Every structure is written in C-alpha cells, then in structure tokens.
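**Q** no sequence on hand, only this structure:
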C-alpha cells in the first residue's frame, strides 16, 4: 500500500485528536526528531510533525487513524539508538513516547515492575534500589534510554554475560499493532507456554510490528558486591582462553568481560583526565558480582591467578575506586570516539567467541588497504564488538564526505562477508534500523526475508509502522 | 486445505524414500506412537505409520512430499509430554526423531553444544560434565526427554527460578518448515538483533511451525555445590514471603523452590519406601547452588534463619544424603500419582506468585463441590503448580469414565476462569498440545488466535504440521 504525505489538515485532525500541546511542528522538535546518535547526516530525515501521546488509548486512536489514512508512523524513545531505527525515512509522523513515563507498580513478591514505555532506564533503577531488586536488561545508555526503546531494539549492555539482554527480563509487552488494536503479549506469570511466543516476536522488532506502550519486567535480587580485574593481553585469544577456563573451573559466570584496544584505552583515559591504568594491545576488564564481597571476589581471584601465571600485565582485583575508574574509562569510549572525526561509522559485530581473534586480525588488514583506522572495544564475554572505522587526524586532510563513504563501503563490502562466513552477524545489539537493511540478504538470504515480510503482514497489514526498517 | 489419509501406496513411497527399515507399520510401533504420558485413553490415536528418519535431509524430503500430497505430519520425541502434543489427531504419519541422536560438537570456548533433535537430555548432561559445563534448559523428565521435544514445548523444569526454561538456552534451532525448506534461526553467536526473533517463535510451537532437527545450545559453567532446606508451612503465602525476602536480602536467586502438599509428600515418601521427613500442610524444598559449598549454603542459611524465627518445622540445611532423599521424594510424585487412579487429570497452571495462595484455596473449594481431590505440587518459585484432579480409592467405587469426565469438565469450567482473572495461564510448561485447544479462546481471545493462525500460515502454508494442535 502506498503511504501518503501529511497535510496541514492532518495536523489539525491530530491536534484535535491527541491535544494541541501534543502535536509539535516547531523547528526544534522536528530537528530533534530527525535523527539518532549516529553522527552521519545521511541518517537524518525531518518528519512532518511530532506527536507526544500521554496514554496508550491515544496511541491506539492515533494508529487507527494512521492505518485508515495510510500515514507512516515512526516511534521514538530517547533517540539514543545507533542504527537510524527511529529516523522517519518514509516521512509521516514521529511518535515520541516520553510522556508515557509512569512506573505503574513495583511488586517485590512477584518480582516485577509494571512500566509505561517512556520510563527512563536509570530512573527505574533508582526506584528499584530500596526494594533490593534490579532490572538486568539495561543497555549502557541507561542514563537516557527508555524501556520501550530498550525492548524495541532488544538492547544489550555491559552485563549480558551473566544476565543476557533486555528480552530475557520482559514478562509481557503491551503494544498497539499496525491495525490500531491494543494487545498484551505475555503476562505477569513467569512461565507460559500457551500460544506462540509473540512477546519475543515484538522484542527487537524495532517498531515495525507494533508500538510498545508498556511492559511488565522481571526483576532480580540486586547484587550486593562487585569485583573487577584489569589485565593486558597481546591478543584477544589469550583473554578468551582465560575467560573460558576461569568460568568452568569456578562454576560461575562473569557479570561482564569488556575489552578495549590500545587506542580506545588511551582515548578513554584522556577523556577522564587521567593516564591509562595500563598499556597493552588489548585491555580486558573482568567483573563478577555476588551476595557479598567474598563471593564477588572468588571468580576474579581465580582469574587473577591464571593471569599471573600467563604473566600478563594486571591491576586488581579491586572492589573500590580503581574499579570505578576502569569502568568510567570504558564507558567514556563511545562518546570520546564520536568527537574524533565526522568521518566514522559504528559497527556492532557479533561472533562465535572462538572466531573473534582471526576475524579482528583480518579486519585490520582490510582496513589498512582502505587507509581506515578501526578503534575496537566492546563486550568480549558475548563476542559482541564495537568498531568505529574512521578517517581521523592528519589522515582526514583533503578527505570529503564522498571519499569517506566510498572507503567505508569498500571496507564493509569486504568485511561483512567474512563475518557471515565465520557464523557471525552484523549487529549484536544496535539493530538493523535504517542503516543495515541493504545487508540483510547477505546475512539472512532472500528466502528468510520473505518469512519476515509474511510475519510483518500479520501485525501491520498496511505497512504503516516504521516503513523500510529492520526487515 | 483438506488433508488426506495415508494409503498403502504412500507407505511404499515412504519406504523407498527414507528406507524400508525407517518406516514402521507394526502393531508395537503404532501403539507406542499413539499417545504420550497422559493416562487418559481419550488422548490416544493410532497413526497410519511411523517414520524414523536418520538425517535432516530425509526430514526435508519427507516434508516436501507430505506438503505436496497433503498428508499430516506429527513429530514425536520421547513421548514424555503431558498435553497430547505428539498424538496424531489428524491421522497421517508420526515422525520419530530418535535416530537423530548425535551430539555433533561441544565447544568450551564458545560454550555451546551442537546437537541433533533426538539427543536425550540426560545423555547430553553426562557428555558435558567433563568440560565443567551444563545445559540448564532441562525438564524434570531429563532421563528420557529429547532436546528437540524440550525445545518444541519450551520445557520448564525444577531449576527455572535461577536458570529460566529451555528457550533461554537455545542459540539456534535448525528446522524444516511445512514447505519442506531447511532453515536455521539464530546462530552460534550469543547476541543477534538482525531480523525478527524467529528462533523464539519456533521454541514452544509444539511442532506446528516446523520440525526441529537440531539446535545449538548455550551452556553454563557447571555449579560445584548445592544446598537444600526442607520447611513445613501452613500456607503457600508464608513460604512465598520467606522466598521473596531471602532472595532480596541476600542478593541471590534460589536455583529451585519446590512445594508438595501433605498428600503428595506422603505418597512420594511411600514410593521411596521411607517415611515423610516432615508432616505439614505444605512442604517447601528450597535449593541454592554455587561455586563452592559455602556459597551454596549462604542463601539457604539466610532462609533457615528466617524460618526459625517464623517457627516453621524445618530440616537442614543439608548438602548430602538428606538433600538427595528430599529430591527423590519430590521427583517421584508425578509417577506415584499416576498409579493412584485412571480417573485423573494433569493440570499445569502458572500464576503471578502473589496470587497463588487465594487461587489454590478457591480451587479446593470448587473441587470439593465436585467431589474431586486435588493433589498439588510443583515449582513454587515460578508460580507454576501441578494439580492432579482425581477420583481415587473408595471415592472411585461405582464411578465410570463418563462420570469422571463430567466432573472434571465441571471443575475446570469453574477453575480456569479464576486463573484467567488472576492473570495466570493454564499451562506453564506442559503446553497446549491436543488437550487445551478448547480453552484458548478463554485464555487468549479469538482475536489473538487470528494472529496465531496468520503466523502459522507463513511457515506451514498447507497446514500439514501437527494439525489441530497448540493454536
């Protein structure tokens, strides 16, 4: 079905329907709603208007209208995504969820939080602390990211080694599907095998199957202690072997195993106005949590003993200030990188852990032939690495946007098939969004995409939801 | 599309296609393939033949033929289900997966096992032990259940409080869909947000969307120690409060919290030729695991201290023989109950934990009006309870099958709406199968079922896979 452009008359209709203060066409609102955290201007597009509903009923009313009128609807959470998933490529309106920000209920017996989609992840975390509970499905951008956006992208994060990604902690999603129907998939119960798992189908569907308006989240007992260790390695392989051996000999999972290459470590340290705590080709931050300090330290001490045998550079174990500083450095990296150059991409590859080392080696060789640097950091424990291919500093002299794009495309054209061959995928947590749809045939094959389109048709028959994204 | 009956000519075709020794029409094979672990003869039906493929290619060839010829295909694992999911209600053939029993690979770096669908859960566990790894997605019937069946039903189990159910531990499923196409959903990577989550859609779809031929399973470090505590309570409520408080104050999850009513405890103990270790309206078995004995004991000791303040009857903490005996009693209950009467059902309700107590109280009142006893046991930590409504002993004098069915239906007709009102569901881990399809409108609504049928259409356009089941 062909979607049509929004007219001034439509905007009047929307103002009467949702309220005048809920429909914005001012410059600032339209600009803000044009893009996400990607720096590249290719991934921006202005919507005709921004609508800010205050209730799920309003979302239903809006979608029934849009479905009838063939108007595209792109849902936006905090806009902290990195795949252009919330960019209104097909025109139409942007639905901003920030007014749906109520924490409806926290129940320590059922260990659930019932929330609206626009609740900020960090705000939920603060509300849970007095109960001795936490929501483990948070991404690293938890200070701003909204629960609805986390679910729509099935966001990953720094502690997925032990706790998995967002979807694991979602008991039910409340959505409005493309036909304007209000539906709840899943429920407050912890086990449910009645009907197909449509809850999981919504999770990570990037606003293309339904608009998430609320959720019931599963909560975990809040860990009482953390312990970290920072170790320098010559290759990821050496770190991966320690990681596997330490977990199997201890019978416990790390909560996180993060990695930074030498460039990222130095950049992160500089940003935090300090010197790099250690200098090595690869710095690995191991972390464990537990019921008490002794328990959190146990796996880390086993790891430290293995690393000292392997004579790696090592700092810690630490449960205090040093640990916080290491994490601050790690967390500052994506933001610090963003400032290095406007000629940069953000890759989010996910691989079988055993294949990381050769794939990263091959990546550097290919990047060199295209005169790109490839700062690399990420979630070693999950095999999910972030790479920012870029042209920065002196190398950027005389380079224009077209030249950058040409080199980036040439690099990715050689790199992505290597990932596919290694059993990996091109996004572990950022999503396909508007950025990676061109690579789906390589990753999934055309036949698989036919299935995705068939599923989309069931939930959004007229294709009004985030057209052109994710599938 | 109308499905047709199998003819002798079809059986000749199948024998040539899959091999003569792989197509069985003998009495014993047909009888075995007629039902699952439900005692009720209403849930049995003889297939026209049983086919035992030895490779995923053979499954593909068979399904392409069945799709072309409009023949129903019902897949069978160990037949240990409790929802008549593998009963060939629509006639046609039964596909037995037991020859697909290869553990293809165990990789301690990627922490995965690659298996064929017919691998027995317990056999995989024994193979994993030397690696210090385990597969946490196992049901209580792990001695016989097959991995493919566990995935097809998204089986639960005794340690889901900490580890969740089967689906959490499945990185990819290899299926043959209704059109005979061989497909892999997911992969060996631990994070993946490319495309919709079709892997989760297959998990728990009870053989109606695809035949699972293999899987890549995520493995966990194998716990080194377990500790248990057995406590008597007057009400489930009292146990639930201790459970919540202990986990939140310790910052740790129990691995299991199992419950037995007085009748089940006595029956289980008798089966194990011992006396009940304690006598109470509700006996609750708390268990924790950990890296070492001290860690496993920590949460249990906190729990014990809370229970002694509440002056409950209490045995343990124990990490040795007593613990094993308690578990043996718990595990013997379903089998012991089955022998009590042929006039019995198997219910599998799942509720918000906070609603368990009033729902169980109401259940007993309703059952009494229908002169049914309701032995109850199950997974208190997940809110998933098994109830065997029955007429046993003297009460069964003069009762015939028709009378039993009448009373059972009258009881469930009052009980199920109470579960729905409480935000629960009628199956937490057994599945819908052929047994609960009549109750789907009550649980999900007709509109929801339209979505399920739409999804089914995408993967099994001619409806040959396990017709009439699950949705």
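**A** Thanks, I have it. Only a predicted model underlies this, so the values are computations on that prediction, with no experimental measurement involved.
**Q** contacts for the helix or strand where residue A:335 lies?
**A** Residue A:335 belongs to helix A:321-338 when assigned by DSSP states H and E. Here helix A:321-338 makes contact (C-beta atoms under 8 Å, 6 or more residues apart in numbering or on different chains) with A:37, A:39, A:140, A:158, A:226-228, A:230, A:258, A:260, A:264-265, A:267-272, A:274, A:276-277, A:285, A:287, A:315-316, A:318, A:344, A:346, A:375, A:377, A:386, A:388, A:390. (Glycine included, C-beta is placed from N, CA and C.)
**Q** whichever of these end up buried, select them in PyMOL.
**A** Only the buried entries of those go into this PyMOL selection, using 16 or more other C-beta atoms under 10 Å in any protein chain shown:
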select buried, chain A and resi 37+39+140+158+226+227+228+230+258+260+264+265+267+268+269+271+272+276+277+285+287+315+316+318+344+346+375+377+386+388+390
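**Q** my guess is residue A:128 contacts residue A:222. True?
**A** Yes - counting by C-beta atoms under 8 Å, residue A:222 is a contact partner of residue A:128 at 7.2 Å.
**Q** which residues are common contacts for the two?
**A** residue A:134.
**Q** what is the neighbour count of the residue nearest to residue A:290 when sequence neighbours are not counted?
**A** Take residue A:290 and drop its neighbours on the chain: the residue closest to it by C-beta to C-beta, 6 or more residues apart in numbering or on different chains is residue A:296, 3.8 Å away. Per other C-beta atoms under 10 Å in any protein chain shown, the neighbour tally for residue A:296 reads 24.
**Q** from the chain's centroid, how far away is the helix or strand hosting residue A:296?
**A** Here residue A:296 sits within helix A:293-309, counting by DSSP H and E. Offset of helix A:293-309 from its chain centre (C-alpha atoms, centre = their mean, to the nearest Å): 30 Å.
**Q** and it with helix B:293-309, angle?
**A** Using axes from the mean of the first three to the mean of the last three C-alpha atoms, to 10 degrees, the direction of helix A:293-309 lies 180 degrees away from that of helix B:293-309.
**Q** check which helices and strands helix A:293-309 sits against.
**A** When contacts are defined as 3 or more C-beta pairs under 8 Å, 6 or more residues apart in numbering or on different chains; DSSP states H and E, helix A:293-309 packs onto strand A:225-233, helix A:236-250, strand A:282-290, strand A:314-318, helix B:293-309.
**Q** what residues sit buried inside it?
**A** A:295, A:296, A:297, A:298, A:299, A:300, A:301, A:302, A:303, A:304, A:306, A:307.
**Q** what ranges do the strands span in the stretch 351-471 of chain A?
**A** Along the stretch 351-471 of chain A, the segments classed as strands by DSSP state E, counting those that start in this stretch run A:376-379, A:384-387.
**Q** tell me the helices and strands packed up against the last one.
**A** For strand A:384-387, the helices and strands in contact under the criterion 3+ C-beta pairs under 8 Å, 6+ apart are strand A:347-350, helix A:356-369, strand A:376-379.
**Q** list just the one of these that sits closest to chain B.
**A** Among the helices and strands packed on strand A:384-387, the nearest to chain B by C-beta to the nearest C-beta is strand A:347-350 (4.4 Å).
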